[in-house]
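> model the following, please.
(2 chains)
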Amino acid sequence: SQTIHQWPATLVQPVGSPLSLECTVEGTSNPNLYWYRQAAGRGLQLLFYSVGIGQISSEVPQNLSASRPQDRQFILSSKKLLLSDSGFYLCAWSRRDRARYGYTFGSGTRLTVV
Amino acid sequence: GENVEQHPSTLSVQEGDSAVIKCTYSDSASNYFPWYKQELGKGPQLIIDIRSNVGEKKDQRIAVTLNKTAKHFSLHITETQPEDSAVYFCAATLNTGFQKLVFGTGTRLLVSP
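Residues are numbered from 1 along each chain as shown, chains lettered A, B, ... in the order given. Below is the predicted model:
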């Protein structure tokens, strides 16, 4: 069966420090991968998505970047964190060939920038 | 592009009552409509979905209905229990090509014992 791993679960970082969040998927090949951010009590904001290795699409201009160095690995990064980067970050995957299976989300990373 | 609106933003019910969450979508070509439940501090989980060739789907206490003409779909939870308390998201997408789900803004459901 397919599983998605996301770490760390919680992170407290000072303003101006770098960020690296990692997401890996097991049990499937060629997944579509997604990074979402969820501010406290708010909806899901799509940040990046990827349909293949090295292929990254950005949905909103921001202080973050994403990379996909391997088929089942998706990384969210920042060179210098801002206070506004605080939030709950979710990684998700979906099958490449059809949408009927929807998305599967990871357990999330709670990022607090202080 | 697709736009999904979701109502209400918060819903409080007594245990045993029914709860209904409604969503509307803008793109008449959308044909896949999942619902997600997000418990506190966790990622959303798919609880039920429906495709455009079906008008209603049930799974125990939850059901989803779809009205393609009106472009709206709803989640119905019967005999609510405290463990149903969570944030619920609807979503819509096309079932062809690259499938990017467009999510509603979420409904916080509180079931009081």
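> how about the residues of chain A that lie near chain B?
Applying Cβ under 8 Å from any Cβ of the partner chain, one finds that chain A approaches chain B through A:6, A:32, A:41-44, A:46, A:49, A:51, A:90, A:92, A:94, A:98-100, A:102-108, A:110. Quick note: C-beta positions are derived from backbone N, CA and C, even for glycine.
> how close does the residue nearest to A:P18 when sequence neighbours are not counted get to A:C91?
Spatially, and ignoring its direct neighbours in sequence, A:P18 is nearest to A:K79 (5.7 Å; Cβ to Cβ, 6 or more residues apart in numbering or on different chains). Distance, A:K79 to A:C91, by Cβ to Cβ, to the nearest Å: 20 Å.
> of these two, which one has the most company?
Neighbours per residue, other Cβ atoms under 10 Å in any protein chain shown: of A:K79 and A:C91, the larger number sits with A:C91, 29 against 11.
> contacts only, for the closest residue in space to B:A19 that isn't next to it in sequence.
Nearest in space to B:A19, with sequence neighbours left out and distances taken as Cβ to Cβ, 6+ apart, is B:I77 at 4.5 Å. Going by Cβ atoms under 8 Å, 6 or more residues apart in numbering or on different chains, B:I77 touches B:S18, B:A19, B:V20, B:R61, B:I62, B:D84, B:L109.
> try it again at 10 Å.
With contacts taken as Cβ atoms under 10 Å, 6 or more residues apart in numbering or on different chains, B:I77 has the following neighbours: B:11, B:13, B:17-21, B:37, B:47, B:60-63, B:84, B:88, B:109, B:111.
> mind listing the residues bridging to it?
B:A19, B:I62 (DSSP bridges).
> measure it to chain A for me?
The spacing between B:I77 and chain A, counted by Cβ to the nearest Cβ, to the nearest Å, is 19 Å.
> just the strands from chain B, written as ranges.
B:4-7, B:10-14, B:19-25, B:32-38, B:45-51, B:56-59, B:62-67, B:72-77, B:86-92, B:102-103, B:107-112 (DSSP state E).
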